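K.L.:
next one to model:
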Amino acid sequence: TQIMNYLNGTPYKNTLNPPLSALQYDAIEITASLLIQEIFLGLISILGVIGNCMVCYTVVKRAQVKHSTWYFLCCLSISDAFVCLVNIPILMYATYDESVIDNGTFLCQFNGFCLVCFFLVSVLTLSGISLHKYYYIRRPLHLRASTKSLRIIGFIWFVSIGIALGPLVGWSQYSHVHGHKQCVPASIRPATNVDFSYLGVLLLVGFFIPLISMVYCYTAIFIETLSHHKRLNSTSIRGDTTFDRRKRAAGRTGRRGSVTYDWGILKTVFIVVTTFIVCWAPFVVYICYNFTQNLTPSMTLSQVAFMLAYAQSILNPVIYALRHDLFRTQFKSVICCIKYMNVDIRSERSGSGTHPGSLFLVDGMSRSTSSSSSSSDSTLVFYQRKDSTFSRKPNSYAPKLDSITERSMPALPSYDNEVFQLNAE
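P.N.:
As a prediction, the model looks like this:
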(Lines give C-alpha, C1' and ligand atoms only; values in the text may rest on other atoms or scores of the structure.)
Protein backbone atom coordinates (compact mmCIF):
# COMPACT_ATOMS: atom_id res chain seq x y z
CA THR A 1 0.00 0.00 0.00
CA GLN A 2 2.81 2.40 0.85
CA ILE A 3 4.51 1.69 -2.45
CA MET A 4 1.34 2.19 -4.50
CA ASN A 5 0.46 5.44 -2.70
CA TYR A 6 3.97 6.71 -3.23
CA LEU A 7 3.97 5.89 -6.92
CA ASN A 8 0.49 7.42 -7.42
CA GLY A 9 1.40 10.57 -5.53
CA THR A 10 -1.19 9.97 -2.77
CA PRO A 11 -0.10 11.51 0.55
CA TYR A 12 0.43 9.07 3.37
CA LYS A 13 -0.64 10.40 6.79
CA ASN A 14 0.61 7.57 8.99
CA THR A 15 3.55 9.11 10.88
CA LEU A 16 4.48 5.83 12.52
CA ASN A 17 5.26 4.13 9.19
CA PRO A 18 6.24 6.87 6.73
CA PRO A 19 6.48 5.99 3.05
CA LEU A 20 9.75 4.79 1.60
CA SER A 21 11.89 7.39 -0.09
CA ALA A 22 13.03 7.19 -3.69
CA LEU A 23 16.54 6.28 -2.57
CA GLN A 24 15.19 3.42 -0.51
CA TYR A 25 13.23 2.13 -3.49
CA ASP A 26 16.37 2.29 -5.59
CA ALA A 27 18.33 0.45 -2.92
CA ILE A 28 15.73 -2.32 -2.74
CA GLU A 29 15.66 -2.63 -6.52
CA ILE A 30 19.45 -2.76 -6.76
CA THR A 31 19.68 -5.33 -3.96
CA ALA A 32 17.10 -7.58 -5.61
CA SER A 33 18.87 -7.25 -8.95
CA LEU A 34 22.23 -8.12 -7.42
CA LEU A 35 20.74 -11.10 -5.60
CA ILE A 36 19.26 -12.48 -8.81
CA GLN A 37 22.55 -11.87 -10.60
CA GLU A 38 24.52 -13.68 -7.89
CA ILE A 39 22.20 -16.68 -7.97
CA PHE A 40 22.41 -16.83 -11.75
CA LEU A 41 26.20 -16.60 -11.75
CA GLY A 42 26.50 -19.19 -9.01
CA LEU A 43 24.40 -21.68 -10.97
CA ILE A 44 26.42 -21.03 -14.11
CA SER A 45 29.67 -21.56 -12.23
CA ILE A 46 28.64 -24.83 -10.57
CA LEU A 47 26.86 -26.34 -13.56
CA GLY A 48 29.58 -25.17 -15.93
CA VAL A 49 32.38 -26.80 -13.95
CA ILE A 50 30.48 -30.06 -13.56
CA GLY A 51 29.31 -30.25 -17.17
CA ASN A 52 32.64 -29.37 -18.77
CA CYS A 53 34.58 -31.69 -16.48
CA MET A 54 32.21 -34.50 -17.45
CA VAL A 55 32.88 -33.79 -21.13
CA CYS A 56 36.63 -34.01 -20.56
CA TYR A 57 36.18 -37.13 -18.43
CA THR A 58 34.16 -38.79 -21.18
CA VAL A 59 36.78 -38.10 -23.84
CA VAL A 60 39.64 -39.28 -21.62
CA LYS A 61 37.77 -42.26 -20.17
CA ARG A 62 36.63 -43.78 -23.42
CA ALA A 63 39.74 -45.10 -25.11
CA GLN A 64 37.66 -45.84 -28.21
CA VAL A 65 37.13 -42.14 -28.86
CA LYS A 66 39.85 -41.52 -31.42
CA HIS A 67 38.12 -39.00 -33.63
CA SER A 68 40.22 -35.83 -33.73
CA THR A 69 37.18 -33.58 -33.36
CA TRP A 70 36.72 -34.72 -29.77
CA TYR A 71 40.17 -33.38 -28.86
CA PHE A 72 39.03 -29.93 -29.94
CA LEU A 73 35.79 -30.28 -27.98
CA CYS A 74 37.81 -31.30 -24.93
CA CYS A 75 39.97 -28.19 -25.35
CA LEU A 76 36.83 -26.07 -25.59
CA SER A 77 35.46 -27.64 -22.41
CA ILE A 78 38.71 -26.95 -20.55
CA SER A 79 38.49 -23.29 -21.51
CA ASP A 80 34.86 -23.08 -20.42
CA ALA A 81 35.67 -24.80 -17.13
CA PHE A 82 38.37 -22.22 -16.38
CA VAL A 83 35.90 -19.43 -17.09
CA CYS A 84 33.54 -20.92 -14.51
CA LEU A 85 36.35 -21.42 -12.01
CA VAL A 86 38.11 -18.06 -12.39
CA ASN A 87 36.16 -15.28 -14.09
CA ILE A 88 32.71 -15.91 -12.65
CA PRO A 89 33.88 -16.03 -8.99
CA ILE A 90 35.79 -12.77 -9.53
CA LEU A 91 32.65 -11.18 -10.95
CA MET A 92 30.61 -12.41 -7.99
CA TYR A 93 33.18 -11.01 -5.56
CA ALA A 94 33.34 -7.66 -7.36
CA THR A 95 29.56 -7.38 -7.25
CA TYR A 96 29.71 -6.64 -3.51
CA ASP A 97 33.13 -4.99 -3.36
CA GLU A 98 34.05 -3.35 -6.64
CA SER A 99 37.23 -1.88 -5.19
CA VAL A 100 38.98 -5.26 -5.41
CA ILE A 101 39.33 -4.82 -9.18
CA ASP A 102 40.39 -1.18 -9.23
CA ASN A 103 42.94 -0.18 -11.83
CA GLY A 104 46.41 -1.45 -11.07
CA THR A 105 45.37 -4.20 -8.67
CA PHE A 106 46.54 -7.76 -9.21
CA LEU A 107 42.98 -9.07 -9.37
CA CYS A 108 42.10 -6.60 -12.14
CA GLN A 109 45.07 -7.65 -14.25
CA PHE A 110 44.42 -11.33 -13.59
CA ASN A 111 40.74 -10.95 -14.44
CA GLY A 112 41.50 -9.18 -17.72
CA PHE A 113 44.13 -11.74 -18.69
CA CYS A 114 41.83 -14.71 -18.07
CA LEU A 115 38.92 -13.03 -19.83
CA VAL A 116 40.90 -12.40 -23.04
CA CYS A 117 42.81 -15.70 -22.94
CA PHE A 118 39.81 -18.00 -22.52
CA PHE A 119 37.78 -15.96 -24.99
CA LEU A 120 40.48 -16.46 -27.64
CA VAL A 121 40.88 -20.15 -26.84
CA SER A 122 37.16 -20.72 -27.30
CA VAL A 123 36.77 -18.93 -30.61
CA LEU A 124 40.05 -20.23 -32.07
CA THR A 125 39.14 -23.78 -31.06
CA LEU A 126 35.82 -23.53 -32.86
CA SER A 127 37.63 -22.12 -35.87
CA GLY A 128 40.13 -24.98 -35.65
CA ILE A 129 37.30 -27.52 -35.66
CA SER A 130 35.84 -26.03 -38.83
CA LEU A 131 39.21 -25.96 -40.61
CA HIS A 132 40.00 -29.49 -39.46
CA LYS A 133 36.69 -30.85 -40.78
CA TYR A 134 37.13 -28.95 -44.03
CA TYR A 135 40.58 -30.38 -44.75
CA TYR A 136 39.46 -33.79 -43.50
CA ILE A 137 36.88 -33.88 -46.27
CA ARG A 138 39.13 -32.36 -48.93
CA ARG A 139 42.26 -34.32 -47.97
CA PRO A 140 41.17 -37.22 -45.76
CA LEU A 141 44.54 -38.99 -45.80
CA HIS A 142 46.48 -36.02 -44.47
CA LEU A 143 44.62 -35.28 -41.23
CA ARG A 144 43.95 -38.65 -39.63
CA ALA A 145 46.67 -38.50 -36.98
CA SER A 146 45.57 -37.17 -33.60
CA THR A 147 49.04 -35.69 -33.05
CA LYS A 148 48.29 -33.03 -35.66
CA SER A 149 45.17 -32.04 -33.77
CA LEU A 150 47.15 -31.78 -30.55
CA ARG A 151 49.68 -29.54 -32.29
CA ILE A 152 46.90 -27.26 -33.50
CA ILE A 153 45.47 -27.11 -29.98
CA GLY A 154 48.90 -26.26 -28.58
CA PHE A 155 49.26 -23.48 -31.14
CA ILE A 156 45.83 -22.11 -30.17
CA TRP A 157 46.82 -21.88 -26.50
CA PHE A 158 50.17 -20.31 -27.43
CA VAL A 159 48.53 -17.55 -29.51
CA SER A 160 45.82 -16.92 -26.90
CA ILE A 161 48.26 -16.61 -24.02
CA GLY A 162 50.56 -14.39 -26.11
CA ILE A 163 47.80 -11.91 -26.99
CA ALA A 164 46.43 -11.94 -23.44
CA LEU A 165 49.90 -11.10 -22.08
CA GLY A 166 50.08 -7.98 -24.28
CA PRO A 167 48.49 -5.51 -21.82
CA LEU A 168 50.65 -6.88 -19.01
CA VAL A 169 53.87 -5.97 -20.84
CA GLY A 170 52.85 -2.53 -22.12
CA TRP A 171 50.75 -3.25 -25.21
CA SER A 172 47.61 -1.42 -24.03
CA GLN A 173 46.40 -2.15 -20.48
CA TYR A 174 43.62 -3.84 -18.56
CA SER A 175 41.42 -1.32 -16.78
CA HIS A 176 38.20 -1.25 -14.83
CA VAL A 177 35.12 0.68 -15.92
CA HIS A 178 33.27 1.76 -12.80
CA GLY A 179 29.98 -0.04 -12.35
CA HIS A 180 30.74 -2.85 -14.81
CA LYS A 181 32.64 -5.08 -12.35
CA GLN A 182 35.05 -6.42 -14.97
CA CYS A 183 38.46 -5.42 -16.28
CA VAL A 184 38.71 -5.18 -20.05
CA PRO A 185 41.52 -4.02 -22.36
CA ALA A 186 41.76 -0.52 -23.83
CA SER A 187 39.02 1.05 -21.73
CA ILE A 188 40.87 4.12 -20.41
CA ARG A 189 40.14 7.50 -22.02
CA PRO A 190 41.68 8.97 -24.04
CA ALA A 191 42.71 5.99 -26.12
CA THR A 192 46.18 5.90 -27.64
CA ASN A 193 47.47 4.40 -30.86
CA VAL A 194 48.73 1.44 -28.85
CA ASP A 195 45.21 0.81 -27.59
CA PHE A 196 43.86 1.04 -31.13
CA SER A 197 46.39 -1.47 -32.41
CA TYR A 198 45.75 -3.96 -29.61
CA LEU A 199 41.98 -3.78 -29.92
CA GLY A 200 42.25 -4.18 -33.69
CA VAL A 201 44.37 -7.33 -33.35
CA LEU A 202 42.07 -8.68 -30.64
CA LEU A 203 38.93 -8.25 -32.72
CA LEU A 204 40.51 -9.59 -35.90
CA VAL A 205 42.11 -12.66 -34.33
CA GLY A 206 39.39 -13.26 -31.79
CA PHE A 207 36.23 -12.73 -33.79
CA PHE A 208 36.15 -11.59 -37.41
CA ILE A 209 38.78 -13.89 -38.96
CA PRO A 210 37.50 -17.00 -37.11
CA LEU A 211 33.92 -16.08 -37.98
CA ILE A 212 34.75 -15.77 -41.69
CA SER A 213 36.69 -19.03 -41.67
CA MET A 214 33.87 -20.90 -39.91
CA VAL A 215 31.22 -19.60 -42.28
CA TYR A 216 33.33 -20.48 -45.31
CA CYS A 217 34.35 -23.95 -44.09
CA TYR A 218 30.90 -25.05 -42.98
CA THR A 219 29.32 -23.72 -46.15
CA ALA A 220 31.81 -25.71 -48.23
CA ILE A 221 31.27 -28.80 -46.07
CA PHE A 222 27.50 -28.48 -46.39
CA ILE A 223 27.71 -28.21 -50.18
CA GLU A 224 30.10 -31.17 -50.36
CA THR A 225 27.83 -33.29 -48.16
CA LEU A 226 24.77 -32.52 -50.29
CA SER A 227 26.60 -33.36 -53.50
CA HIS A 228 27.86 -36.60 -51.96
CA HIS A 229 24.33 -37.61 -50.99
CA LYS A 230 23.14 -36.85 -54.51
CA ARG A 231 25.87 -39.03 -55.97
CA LEU A 232 24.93 -41.88 -53.66
CA ASN A 233 21.25 -41.62 -54.47
CA SER A 234 21.87 -41.45 -58.21
CA THR A 235 24.29 -44.38 -58.26
CA SER A 236 22.73 -47.46 -59.80
CA ILE A 237 23.92 -51.00 -59.26
CA ARG A 238 25.52 -52.23 -62.45
CA GLY A 239 27.13 -55.60 -62.82
CA ASP A 240 26.51 -59.09 -64.06
CA THR A 241 27.41 -61.19 -61.01
CA THR A 242 25.90 -61.47 -57.57
CA PHE A 243 29.33 -60.95 -56.10
CA ASP A 244 29.72 -57.53 -57.74
CA ARG A 245 26.26 -56.41 -56.67
CA ARG A 246 26.81 -57.42 -53.07
CA LYS A 247 30.24 -55.84 -53.00
CA ARG A 248 28.87 -52.54 -54.31
CA ALA A 249 25.95 -52.70 -51.88
CA ALA A 250 28.28 -53.28 -48.94
CA GLY A 251 30.57 -50.44 -49.98
CA ARG A 252 27.66 -48.09 -50.57
CA THR A 253 26.18 -48.96 -47.17
CA GLY A 254 29.51 -48.27 -45.52
CA ARG A 255 29.82 -44.91 -47.23
CA ARG A 256 26.29 -43.96 -46.21
CA GLY A 257 27.05 -44.81 -42.59
CA SER A 258 30.30 -42.83 -42.69
CA VAL A 259 28.59 -39.81 -44.24
CA THR A 260 25.76 -40.03 -41.70
CA TYR A 261 28.28 -40.15 -38.87
CA ASP A 262 30.22 -37.12 -40.16
CA TRP A 263 26.95 -35.28 -40.82
CA GLY A 264 25.90 -35.86 -37.20
CA ILE A 265 29.18 -34.40 -35.97
CA LEU A 266 28.76 -31.42 -38.27
CA LYS A 267 25.30 -30.74 -36.88
CA THR A 268 26.65 -30.75 -33.34
CA VAL A 269 29.54 -28.46 -34.20
CA PHE A 270 27.25 -26.13 -36.17
CA ILE A 271 24.97 -25.77 -33.14
CA VAL A 272 28.00 -25.07 -30.93
CA VAL A 273 29.26 -22.41 -33.33
CA THR A 274 25.85 -20.74 -33.61
CA THR A 275 25.51 -20.69 -29.83
CA PHE A 276 28.97 -19.21 -29.51
CA ILE A 277 28.20 -16.38 -31.94
CA VAL A 278 24.91 -15.53 -30.22
CA CYS A 279 26.56 -15.51 -26.79
CA TRP A 280 29.77 -13.65 -27.64
CA ALA A 281 28.56 -11.13 -30.23
CA PRO A 282 27.12 -8.78 -27.53
CA PHE A 283 30.49 -8.91 -25.75
CA VAL A 284 32.29 -7.83 -28.93
CA VAL A 285 29.76 -5.03 -29.36
CA TYR A 286 30.40 -4.01 -25.75
CA ILE A 287 34.17 -3.88 -26.33
CA CYS A 288 33.76 -1.74 -29.45
CA TYR A 289 31.18 0.47 -27.73
CA ASN A 290 33.43 0.89 -24.72
CA PHE A 291 36.39 1.82 -26.91
CA THR A 292 34.58 4.71 -28.59
CA GLN A 293 35.76 7.88 -26.89
CA ASN A 294 32.51 9.80 -27.19
CA LEU A 295 30.26 7.02 -25.90
CA THR A 296 29.87 5.44 -22.49
CA PRO A 297 28.57 1.86 -22.39
CA SER A 298 25.33 1.43 -20.52
CA MET A 299 24.97 -0.83 -17.51
CA THR A 300 22.32 -2.90 -19.28
CA LEU A 301 24.60 -3.61 -22.25
CA SER A 302 27.40 -4.59 -19.90
CA GLN A 303 25.23 -7.00 -17.91
CA VAL A 304 23.71 -8.61 -21.01
CA ALA A 305 27.11 -8.99 -22.67
CA PHE A 306 28.79 -10.66 -19.71
CA MET A 307 25.79 -12.79 -18.76
CA LEU A 308 25.51 -14.24 -22.26
CA ALA A 309 29.26 -14.75 -22.51
CA TYR A 310 29.36 -16.67 -19.24
CA ALA A 311 26.17 -18.60 -19.98
CA GLN A 312 27.86 -20.03 -23.07
CA SER A 313 30.20 -21.95 -20.77
CA ILE A 314 27.40 -24.29 -19.67
CA LEU A 315 25.62 -24.61 -23.01
CA ASN A 316 28.25 -26.73 -24.75
CA PRO A 317 27.93 -29.73 -22.35
CA VAL A 318 24.14 -29.54 -22.72
CA ILE A 319 24.48 -29.62 -26.50
CA TYR A 320 26.79 -32.64 -26.33
CA ALA A 321 24.40 -34.50 -24.03
CA LEU A 322 21.45 -33.88 -26.32
CA ARG A 323 23.26 -34.57 -29.58
CA HIS A 324 25.49 -37.57 -28.90
CA ASP A 325 24.77 -40.95 -27.34
CA LEU A 326 28.24 -41.32 -25.85
CA PHE A 327 28.03 -38.16 -23.76
CA ARG A 328 24.42 -38.83 -22.84
CA THR A 329 25.25 -42.32 -21.59
CA GLN A 330 28.33 -41.14 -19.72
CA PHE A 331 26.48 -38.23 -18.13
CA LYS A 332 23.76 -40.56 -16.88
CA SER A 333 26.30 -42.93 -15.38
CA VAL A 334 28.09 -40.12 -13.54
CA ILE A 335 24.91 -38.49 -12.29
CA CYS A 336 23.52 -41.79 -11.03
CA CYS A 337 26.87 -42.65 -9.41
CA ILE A 338 27.04 -45.90 -11.35
CA LYS A 339 30.45 -47.07 -12.42
CA TYR A 340 30.43 -47.36 -16.16
CA MET A 341 31.51 -50.83 -17.25
CA ASN A 342 34.60 -50.90 -19.41
CA VAL A 343 33.07 -52.64 -22.39
CA ASP A 344 33.20 -51.98 -26.07
CA ILE A 345 30.66 -49.40 -27.21
CA ARG A 346 29.73 -51.45 -30.23
CA SER A 347 29.07 -54.61 -28.20
CA GLU A 348 27.01 -52.70 -25.68
CA ARG A 349 24.72 -51.08 -28.26
CA SER A 350 24.27 -54.15 -30.46
CA GLY A 351 21.86 -55.93 -28.09
CA SER A 352 21.78 -58.82 -25.66
CA GLY A 353 21.87 -61.51 -28.33
CA THR A 354 25.37 -60.71 -29.53
CA HIS A 355 28.25 -62.96 -28.65
CA PRO A 356 31.10 -60.83 -27.25
CA GLY A 357 33.75 -62.79 -29.10
CA SER A 358 32.18 -62.93 -32.51
CA LEU A 359 33.80 -59.96 -34.17
CA PHE A 360 35.65 -60.02 -37.45
CA LEU A 361 36.94 -57.41 -39.82
CA VAL A 362 36.26 -57.70 -43.52
CA ASP A 363 39.17 -56.97 -45.88
CA GLY A 364 41.15 -55.42 -43.02
CA MET A 365 39.10 -52.25 -43.47
CA SER A 366 36.65 -50.54 -41.15
CA ARG A 367 33.19 -49.80 -42.51
CA SER A 368 29.81 -48.77 -41.17
CA THR A 369 26.88 -51.04 -41.92
CA SER A 370 23.79 -49.29 -40.55
CA SER A 371 22.48 -45.98 -39.41
CA SER A 372 22.69 -47.11 -35.79
CA SER A 373 26.44 -47.06 -36.05
CA SER A 374 26.54 -43.52 -37.31
CA SER A 375 26.57 -42.07 -33.82
CA SER A 376 29.52 -44.12 -32.68
CA ASP A 377 32.79 -42.43 -31.91
CA SER A 378 35.22 -45.09 -33.03
CA THR A 379 36.14 -45.21 -36.67
CA LEU A 380 36.62 -48.99 -36.43
CA VAL A 381 33.33 -50.67 -37.24
CA PHE A 382 33.06 -54.43 -36.84
CA TYR A 383 30.51 -56.89 -38.15
CA GLN A 384 28.99 -59.01 -35.41
CA ARG A 385 27.69 -62.56 -35.55
CA LYS A 386 24.86 -63.83 -33.36
CA ASP A 387 24.91 -67.17 -31.61
CA SER A 388 22.62 -68.62 -34.23
CA THR A 389 24.10 -70.11 -37.33
CA PHE A 390 24.69 -67.93 -40.33
CA SER A 391 24.72 -68.70 -43.97
CA ARG A 392 27.47 -68.01 -46.42
CA LYS A 393 28.07 -69.02 -49.98
CA PRO A 394 31.56 -70.32 -50.67
CA ASN A 395 33.22 -69.07 -53.78
CA SER A 396 36.52 -70.53 -54.73
CA TYR A 397 37.22 -67.71 -57.14
CA ALA A 398 36.69 -64.93 -54.61
CA PRO A 399 39.68 -63.49 -52.72
CA LYS A 400 40.32 -64.59 -49.17
CA LEU A 401 39.80 -62.47 -46.07
CA ASP A 402 42.78 -60.27 -45.36
CA SER A 403 42.51 -60.51 -41.57
CA ILE A 404 40.30 -62.29 -39.07
CA THR A 405 40.05 -60.84 -35.61
CA GLU A 406 37.74 -63.44 -34.11
CA ARG A 407 39.88 -65.43 -31.71
CA SER A 408 37.74 -68.53 -31.73
CA MET A 409 37.61 -68.80 -35.52
CA PRO A 410 40.15 -71.35 -36.82
CA ALA A 411 41.89 -71.23 -40.16
CA LEU A 412 39.23 -71.25 -42.83
CA PRO A 413 39.23 -71.91 -46.54
CA SER A 414 38.48 -69.17 -49.01
CA TYR A 415 35.25 -67.24 -48.53
CA ASP A 416 33.15 -64.77 -50.35
CA ASN A 417 34.41 -61.24 -49.92
CA GLU A 418 31.00 -60.08 -48.70
CA VAL A 419 29.11 -59.29 -45.57
CA PHE A 420 27.80 -62.53 -44.09
CA GLN A 421 24.03 -62.56 -43.99
CA LEU A 422 22.50 -63.38 -40.61
CA ASN A 423 19.63 -65.83 -40.46
CA ALA A 424 16.34 -64.49 -39.22
CA GLU A 425 16.07 -67.29 -36.74
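
K.L.:
next, count neighbours for W171.
P.N.:
Neighbour count for W171, taken as other CB atoms under 10 Å: 16. (Each C-beta comes from the backbone N, C-alpha and C, glycine too.)

K.L.:
buried residues of the helix or strand hosting S197, list them for me.
P.N.:
Assigned by DSSP states H and E, S197 falls within helix 193-203. Residues D195, Y198, L199, L202 are the ones in helix 193-203 that count as buried (16 or more other CB atoms under 10 Å).

K.L.:
quick check: buried residues in the helix or strand just after it?
P.N.:
Sequence order places helix 209-234 as the next helix or strand after helix 193-203, per DSSP H and E. Neighbour counts over helix 209-234 (16+ other CB under 10 Å) mark P210, L211, S213, M214, C217, Y218, I221, H228 as buried.

K.L.:
other SSEs contacting the helix holding S197?
P.N.:
With contacts defined as 3 or more CB pairs under 8 Å, 6 or more residues apart in numbering; DSSP states H and E, helix 193-203 has these neighbours: strand 183-185, helix 242-291.

K.L.:
and for the shortest one, what's in contact with it?
P.N.:
So that's strand 183-185. By CB atoms under 8 Å, 6 or more residues apart in numbering, the list of residues contacting strand 183-185 from outside reads 101, 108-109, 111-112, 115-116, 166-167, 172-177, 195, 198-199, 202, 287, 290.

K.L.:
partners of it, with directions?
P.N.:
Note on strand 183-185: by DSSP bridges, its sheet partners are strand 174-176 (antiparallel).

K.L.:
least reliable of the helices and strands packed on helix 193-203 going by mean pLDDT?
P.N.:
Among the helices and strands packed on helix 193-203, helix 242-291 has the lowest mean pLDDT, at a mean of 65.

K.L.:
what packs against the strand or helix carrying C108?
P.N.:
Secondary structure from DSSP H and E places C108 in helix 106-138. Packing contacts for helix 106-138, counted by 3+ CB pairs under 8 Å, 6+ apart, involve helix 68-82, helix 88-96, helix 146-164, strand 174-176, strand 183-185, helix 209-234, helix 242-291.

K.L.:
what pLDDT, on average, does stretch 159-171 get?
P.N.:
Mean predicted lDDT for stretch 159-171 stands at 90.

K.L.:
hmm, I typed the wrong one, I wanted stretch 122-142.
P.N.:
79.

K.L.:
check what contacts that stretch and list those residues.
P.N.:
The contact list for stretch 122-142, computed with CB under 8 Å, 6+ apart, reads 68-69, 72-73, 75-76, 79-80, 143, 149, 152-153, 156, 159-160, 205-207, 209-210, 213-214, 217-218, 220-221, 224, 262, 265-266, 269, 272-273, 276, 280, 312.

K.L.:
could you flag which of those residues are buried?
P.N.:
Neighbour-count burial (16+ other CB under 10 Å) applied to the contacts of stretch 122-142 gives 68-69, 72-73, 75-76, 79-80, 143, 149, 152-153, 156, 160, 205-207, 210, 213-214, 217-218, 221, 262, 265-266, 269, 272-273, 276, 280, 312.

K.L.:
and the nearest residue to G42 once chain neighbours are set aside, how close does it get to K61?
P.N.:
Of all residues beyond its chain neighbours, the one nearest G42 is M92 (6.9 Å), with distances taken as CB to CB, 6 or more residues apart in numbering. Distance, M92 to K61, by CB to CB, to the nearest Å: 31 Å.

K.L.:
with S99 instead?
P.N.:
44 Å.

K.L.:
ok, now S197?
P.N.:
44 Å.

K.L.:
same deal with S213?
P.N.:
Distance, S213 to K61, by CB to CB: 31 Å.

K.L.:
do the same with A32
P.N.:
Look at A32 and K61: by CB to CB, they are 43 Å apart.

K.L.:
which one of the two has more residues nearby?
P.N.:
For A32 and K61, the more surrounded residue by other CB under 10 Å is K61, and the numbers stand at 15 against 10.

K.L.:
for stretch 287-301, measure first residue to last.
P.N.:
One end of stretch 287-301 to the other measures 10 Å (CA to CA, to the nearest Å).

K.L.:
repeat that for stretch 197-208.
P.N.:
15 Å.

K.L.:
quick one: mean pLDDT for that stretch?
P.N.:
Confidence for stretch 197-208, expressed as mean pLDDT, is 87.

K.L.:
likewise for stretch 82-101?
P.N.:
84.

K.L.:
can you mark which positions in it are buried?
P.N.:
The neighbour-count check on stretch 82-101 (16+ other CB under 10 Å) flags 82-88, 90-92, 94, 100-101 as buried.

K.L.:
do the same with stretch 45-63
P.N.:
45, 48-56, 58-59, 62.

K.L.:
okay if I get the residues you listed as a markdown table plus pLDDT, distance to K332 and secondary structure?
P.N.:
Shown next, in a markdown table, are the buried residues of stretch 45-63 (pLDDT from 0 to 100; distance: CB to CB, whole Å; DSSP: H, G, I helix; E, B strand; the rest coil):
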| residue | pLDDT | distance to K332 | secondary structure |
| --- | --- | --- | --- |
| S45 | 87 | 23 | helix |
| G48 | 86 | 19 | helix |
| V49 | 89 | 19 | helix |
| I50 | 86 | 14 | helix |
| G51 | 84 | 13 | helix |
| N52 | 86 | 17 | helix |
| C53 | 87 | 16 | helix |
| M54 | 84 | 10 | helix |
| V55 | 83 | 14 | helix |
| C56 | 84 | 17 | helix |
| T58 | 80 | 11 | helix |
| V59 | 79 | 16 | helix |
| R62 | 68 | 14 | coil |
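
K.L.:
residue contacts, I271?
P.N.:
Residues counted as contacts of I271 (CB under 8 Å, 6+ apart) are I319, R323.

K.L.:
actually, K148.
P.N.:
S68.

K.L.:
again, only using 10 Å
P.N.:
S68, Y71, H132, Y135, H142 (CB atoms under 10 Å, 6 or more residues apart in numbering).

K.L.:
who wins on neighbours among those?
P.N.:
Counting neighbours by other CB under 10 Å, the top entry in these is Y71, with 22 neighbours.

K.L.:
distance of Q173 from Q109?
P.N.:
Per CB to CB, Q173 is found 9 Å from Q109.

K.L.:
what is in contact with those two at once?
P.N.:
By CB under 10 Å, 6+ apart, Q173 and Q109 have these common neighbours: N103, P167, C183.

K.L.:
quick check: the last one vs S33, distance?
P.N.:
To S33, C183 is 21 Å away according to CB to CB.
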